[in-house]
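1. Any chance you can model this:
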Amino acid sequence: MNSGLQEKNIIKEGLEKLGFEKLQFPENILAKKSRILELLEKYIAEIELFNEAYGLVKVNSRNELIVKHILDSIAPLKILLDIPWHEPSDPWSAVRSASVRDNFQIADVGSGAGLPGIPLAICLPNVEFTLIERMGRRAGFLRNCIAVLGLSNVYVEETEFEKAAPNRFDMVVFRAFRPLTREILGCLLKLLKPGAANLPCTLAAWKGRPVNAKEEMLSVEKSFPGLQWEVIPVAVPFIEEERCLTRISAGH
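-> This next block holds a predicted model:
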């Protein structure tokens, strides 16, 4: 993280750097910036309140929490918004269909402190998020956050992701998760709805250096015929280290 960062409203500045002022998505998909700022502030306060007791994130300051965890979680948002609904002939034809928009379901696997699920759910109020977390204390923290923030589009499932019921989600996201192995990737793919294979993305992984993410995918892709993937560099405000998003399609 940039060591010269000063104490200020870096959430607002971070959103500006991410281009939120220029995003041209319908308001019924992307929450208003003022609402996003309000809820992110409340969420940060909840993490700070419970972090020492629950060991939610490893940070030395509020700014580090905001930059390395909050802004990092929402930095790939434009990539995600372009994934499930994009059609070459009309990028917003599916968005205009209430049935597609309102039924779209995303699972955040190994959610921990709710990252990236809660920041994404704040930005996308009409998308349903299920936070899958195996640790009871952290699952309790997540339920409390949902209540405090008044998030009606977020649910908590206290279980190991390997034991979660299959065939339920349009997309699975995960951040700071275990390295992808053949076994883990197989379990993640089982969480997807059968129709999700028709989407350009079914899994989205927050990763560090692109070269490492590519090596990880090359080691597992042969076990899954039809699997398609790409590693996309992501610029996170105030972070100098390389970050990327690995997006994966289950294929047909």
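2. Okay, the spatially closest residue to Ala235 that is not a sequence neighbour and Cys145: tell me how far apart.
-> If the residues on either side of it in the chain are set aside, Ala235 comes closest to Ala75, at 6.9 Å by Cβ to Cβ, 6 or more residues apart in numbering. Heads up, the C-betas are built off the backbone N, CA and C, glycines and all. Distance of Ala75 to Cys145, computed by Cβ to Cβ, to the nearest Å: 21 Å.
3. what do you get for Glu157?
-> From Glu157 over to Cys145 (counting by Cβ to Cβ), the distance is 15 Å.
4. before we move on, what about Asn153?
-> From Asn153 to Cys145 the distance is 13 Å (Cβ to Cβ).
5. and if you look at Asp108?
-> 13 Å.
6. Name the residue in these two with the higher neighbour count.
-> Asp108 (31 against 21; other Cβ atoms under 10 Å).
7. isn't that one right up against Glu128?
-> No. Using Cβ atoms under 8 Å, Asp108 makes no contact with Glu128, being 11.2 Å away.
8. which outside residues touch stretch 125-140?
-> Stretch 125-140 has contacts (Cβ atoms under 8 Å, 6 or more residues apart in numbering) with 28-29, 31, 54, 56, 101-114, 117-118, 120-121, 142, 153-161, 164, 168-169.
9. residue boundaries of the strands in this structure?
-> All strands of the chain, identified by DSSP state E, fall at 105-109, 128-133, 154-158, 171-175, 203-207, 228-233, 244-249.
10. distance between the second one and the chain's centre?
-> Here the centre of strand 128-133 is set off from its chain's centre by 10 Å, with Cα atoms, centre = their mean, to the nearest Å.
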